[in-house]
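Student: build me a model from this:
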Amino acid sequence: MYKIYTLIILGFVATWQVDAQQVIQLDNPSFEDKPHSGGQGGSRISGWSDCGRIYFPNETPPDIHLGMDPTNPIIEPSFGVAKNSSDGFTFLGFVVRDNETYESVTQRLPQPLEGGICYNFSIDLSRSLDYMSPYPKSAISKLYTKPVVLRIYGGSTPCGKRELLAESTPVKNSEWQTYEFTFKPKQTHRYFSISAFYKVPVLVPYNGNLLIDNASDIVQTTCPGEEEILAQVEEPKKETPKKEEPKKVEEEVVVATTTQVTPPIKQDEVKEPVRAKPQMVINSELDRKTLKKGQIIQVNNLYFDADSIKVNPKSLPALEELASFLKFYPEVTIEIGGHTNDRPPRAFCDSLSEARAKSVAEFLYNQDIPMKQVQYKGYGKREPIANNRHAEGRRRNQRVEIKVLDLDS
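Tutor: Modelled structure (predicted):
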């Protein structure tokens, strides 16, 4: 009878441990929706939001492909992708482009990914050997067939890239394969994003595609190396029985003892950790005490390649300093303003200045600065601060500024 009860108790404990395991279910993990292509104006993906509308608003969104038997197609495949679904009826198609744009989607999780906890996740990936798509802003179609990687991000905002959780190898297989990932977030994340990206570490933009289907639940798991540690902690120590010594007969002595009781800590005595105030070394004018609405501050040590919107890596310290300031003072709303000299044509200056301002804003968005806190605008060559007839004046006019829009948002 004793053995039967023991088994029942152990079975209950095992069941409780499984139930306590966190399982996060994704909404529409097989990307089931009405087939459509971004080029036809479709952008809806049930359960998911398109990140391209934030980062690359001028590009088309991901495509929903109808699964079909390549040997017996019923309808004409979109973009030449004739492939059966891995699960369900439809699957998702991502592309990366040689103009440094790529596609990704995001969704809010029903439960957050907890920092310091390990999770398992799997998803079916493939590549289409034929993927013909119109080249951006032209009627010319190009092949998007090179292998790309899948990146998985966690963030606190839609499409936020606060932390890269996992990355696949370049997906070269043209048949569906299940890719397994185990990741351990450093921070807690509420949003989950998947993205196509170029093969790294050398970033050379190219045209490629990635097909995605049958995502699994995100399941809490034991972190590698923790099982042995837990076993050592839980295993009871075997003690050597001590020999009983003969009892000594002694006079009973009553000793008065005082039990020291620690008074309970009052709720108002618990102090929140003090956040360290960011030090503005590069942009010393970013002083919250002296900021005024409408004030304009030039961003120092911010560099772009010639006639390019790409921020030079030397700019990273200045941008990180700006992000730290905005995180510490969320009530401050700013506008990033781009300016140029007067040498290029007006249309080019307007486009370049706005694109550069947008690049700075996107960096801040990726640092989890809310979009409502940062706006951007291109002023072209309309507001010079120096004489464009001299090289030094043109250099000063080629700038990015911060305009304080609000101090109580």
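Student: all strands of the stretch 101-250 of the chain, in order?
Tutor: Counting by DSSP state E, counting those that start in this stretch, one finds strands in the stretch 101-250 of the chain at the ranges 104-113, 118-126, 132-134, 141-143, 149-155, 163-167, 177-183, 189-197, 208-213, 218-221.
Student: can you check the stretch 251-400 of the chain too?
Tutor: Going by DSSP E, counting those that start in this stretch, the stretch 251-400 of the chain shows strands at 296-298, 333-339, 374-378, 399-406.
Student: show me what the shortest one is packed up against.
Tutor: When you say that, I think you mean strand 296-298. Contact here means 3 or more CB pairs under 8 Å, 6 or more residues apart in numbering; DSSP states H and E; on that basis strand 296-298 packs against strand 399-406. Backbone N, C-alpha and C define where each C-beta goes, glycine included.
Student: and the strands of the stretch 251-400 of the chain: which comes nearest residue 44?
Tutor: The closest of the strands of the stretch 251-400 of the chain to residue 44 is strand 374-378. By CB to CB, the value is 26.7 Å.
Student: and the closest one, what does it pack onto?
Tutor: strand 333-339, helix 346-366.
Student: report the inter-axis angle for the last one versus strand 149-155.
Tutor: It refers to helix 346-366. 70 degrees (axes from the mean of the first three to the mean of the last three CA atoms, to 10 degrees).
Student: and for the first one?
Tutor: Counting by the same axes, to 10 degrees, strand 333-339 lies at 140 degrees to strand 149-155.
Student: centre of the chain to strand 333-339, how far?
Tutor: Mean C-alpha position of strand 333-339 versus that of the full chain (CA atoms, centre = their mean, to the nearest Å) differs by 24 Å.
Student: tell me the strands beside that strand, with direction?
Tutor: strand 374-378 (parallel), strand 399-406 (antiparallel) (DSSP bridges).
Student: if we can go back for a sec, lowest average pLDDT across the helices and strands packed on strand 374-378?
Tutor: Among the helices and strands packed on strand 374-378, helix 346-366 has the lowest mean pLDDT, at a mean of 88.
Student: can you say which of the helices and strands packed on strand 374-378 is packed in most?
Tutor: strand 333-339 (a mean of 23; mean count of other CB atoms under 10 Å).
Student: residues in contact with that strand: which ones?
Tutor: Outside strand 333-339, the residues that touch it by CB atoms under 8 Å, 6 or more residues apart in numbering are 296, 326, 352-358, 360-361, 364, 372-381, 383-384, 397-407, 409.
Student: what's residue 126 in contact with, if anything?
Tutor: 83, 86, 171, 173, 174, 175, 176, 177, 211, 213.
Student: would you list those in a markdown table and tack on pLDDT?
Tutor: Listed next are the contacts of residue 126 as a markdown table, based on pLDDT from 0 to 100:
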| residue | pLDDT |
| --- | --- |
| 83 | 82 |
| 86 | 90 |
| 171 | 95 |
| 173 | 94 |
| 174 | 90 |
| 175 | 93 |
| 176 | 94 |
| 177 | 95 |
| 211 | 94 |
| 213 | 95 |
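Student: got TSV for those, with neighbour count and distance to residue 133 too?
Tutor: Output for these, formatted as TSV (neighbours: other CB atoms under 10 Å; distance: CB to CB, whole Å):
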residue	neighbour count	distance to residue 133
83	24	16
86	20	22
171	21	18
173	12	21
174	15	17
175	10	22
176	18	21
177	14	23
211	24	13
213	25	19
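Student: between the strands paired with strand 333-339, which one is closest to residue 107.
Tutor: strand 374-378 (23.3 Å).
Student: pLDDT of that closest one, averaged?
Tutor: pLDDT averaged over strand 374-378 gives 93.
Student: now do the buried residues in that strand.
Tutor: Using 16 or more other CB atoms under 10 Å as the test for burial, strand 374-378 gives 374, 376, 378.
Student: nearest to residue 183, out of the helices and strands packed on strand 374-378?
Tutor: helix 346-366 (18.7 Å).
Student: residue 146 contacts residue 207, correct?
Tutor: Yes. Assessed by CB atoms under 8 Å, residue 146 is found in contact with residue 207 at 6.4 Å.
Student: returning to that earlier point: now render the helices and strands packed on strand 374-378 as a markdown table, adding distance to residue 181.
Tutor: Formatted as a markdown table, those follow (distance: least, CB to CB, whole Å):
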| stretch | distance to residue 181 |
| --- | --- |
| strand 333-339 | 35 |
| helix 346-366 | 21 |
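Student: these: which one's closest to residue 96?
Tutor: helix 346-366 (16.9 Å).
Student: CA atoms of that closest one as CSV?
Tutor: Presented in CSV, the C-alpha positions along helix 346-366 are these (Å, rounded to 0.1, in the frame of the first residue of the first chain):
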residue,chain,number,x,y,z
ARG,A,346,16.5,70.9,-54.8
ALA,A,347,14.7,67.6,-55.3
PHE,A,348,17.8,65.6,-54.5
CYS,A,349,18.5,67.7,-51.4
ASP,A,350,15.0,67.3,-50.1
SER,A,351,15.1,63.6,-50.6
LEU,A,352,18.5,63.1,-49.2
SER,A,353,17.9,65.3,-46.1
GLU,A,354,14.7,63.5,-45.2
ALA,A,355,16.2,60.0,-45.7
ARG,A,356,19.1,60.9,-43.4
ALA,A,357,16.7,62.2,-40.8
LYS,A,358,14.7,59.0,-41.1
SER,A,359,17.8,56.9,-40.7
VAL,A,360,18.6,58.6,-37.3
ALA,A,361,14.9,58.2,-36.2
GLU,A,362,14.9,54.5,-37.2
PHE,A,363,18.1,54.0,-35.1
LEU,A,364,16.2,55.5,-32.1
TYR,A,365,13.1,53.3,-32.8
ASN,A,366,15.3,50.3,-32.8
